[in-house]
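*Asks:* Sequence and predicted structure, then a few things I'm wondering about:
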Amino acid sequence: MPDDRIPSPDQVDAQELIALVDQAQELFTSACVSFSDLRAVFEAIAVASPPGSLSARLASLGVSLCEARGVEFDRHQCAYMTHADRFTASLGTVTEVNHD
């Protein structure tokens, strides 16, 4: 018995999928900027804190965490973008064929 929740290929709206892929790319970029912004906040806290204080140590931890997660996130974003570009190009070809 076919699963009605899975659309058949002729029910897939390629333009909608392309728009969703583009939106996801924008969200990835926004999240990457957030890591950078958050790191700047931790760096400012570290500079304003007395050396060796709890706030300075926590700020240092925050900077390290933002760096590590930012690098990891950037790697995942690059992989996603590579796949997204390929899929978008394929979907664009499908849309062009359907309009001919």
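*Replies:* Thanks, I have the structure now.
*Asks:* Around residue 66, count how many other residues there are.
*Replies:* A count of neighbours around residue 66, defined by other CB atoms under 10 Å, yields 21. All C-beta spots, glycine's among them, are computed from the backbone N, C-alpha and C.
*Asks:* Which residue is the nearest non-sequential neighbour of it?
*Replies:* residue 39 (3.7 Å; CB to CB, 6 or more residues apart in numbering).
*Asks:* Tell me where the chain has helices.
*Replies:* 14-48, 54-99 (DSSP state H).
*Asks:* that older thread, contacts only, for the residue nearest to residue 66.
*Replies:* 62-63, 66-67, 70 (CB atoms under 8 Å, 6 or more residues apart in numbering).
*Asks:* Could I have the buried ones of the residues you listed as ChimeraX selection syntax?
*Replies:* Those of the contacts of residue 39 that count as buried under 16 or more other CB atoms under 10 Å are selected in ChimeraX with:
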select :62,63,66,70
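*Asks:* and which of the contacts of residue 39 is nearest residue 25?
*Replies:* Proximity of those to residue 25 (CB to CB) peaks at residue 70, which lies at 17.2 Å.
*Asks:* contacting residues around the closest one?
*Replies:* 32, 35-36, 39.
*Asks:* and the least confident of those residues?
*Replies:* In terms of pLDDT, residue 32 ranks lowest among those, with 82.
*Asks:* contacting residues for that residue?
*Replies:* Shown in contact with residue 32 (CB under 8 Å, 6+ apart): 70, 73-74, 77.
*Asks:* what's the answer for residue 88, then?
*Replies:* 18, 21-22.
*Asks:* cool, residue 76 as well?
*Replies:* With CB under 8 Å, 6+ apart as the criterion, no residue contacts residue 76.
*Asks:* And it, how close does it get to residue 35?
*Replies:* Using CB to CB, to the nearest Å, residue 76 is found at 12 Å from residue 35.
*Asks:* same deal with residue 23?
*Replies:* Distance of residue 23 to residue 35, given as CB to CB: 19 Å.
*Asks:* just residue 18 next, same as before
*Replies:* Distance from residue 18 to residue 35, by CB to CB: 27 Å.
*Asks:* if we can go back for a sec, lowest average pLDDT across the helices of the chain?
*Replies:* Averaging pLDDT over each of the helices of the chain singles out helix 54-99 as the lowest, with a mean of 83.
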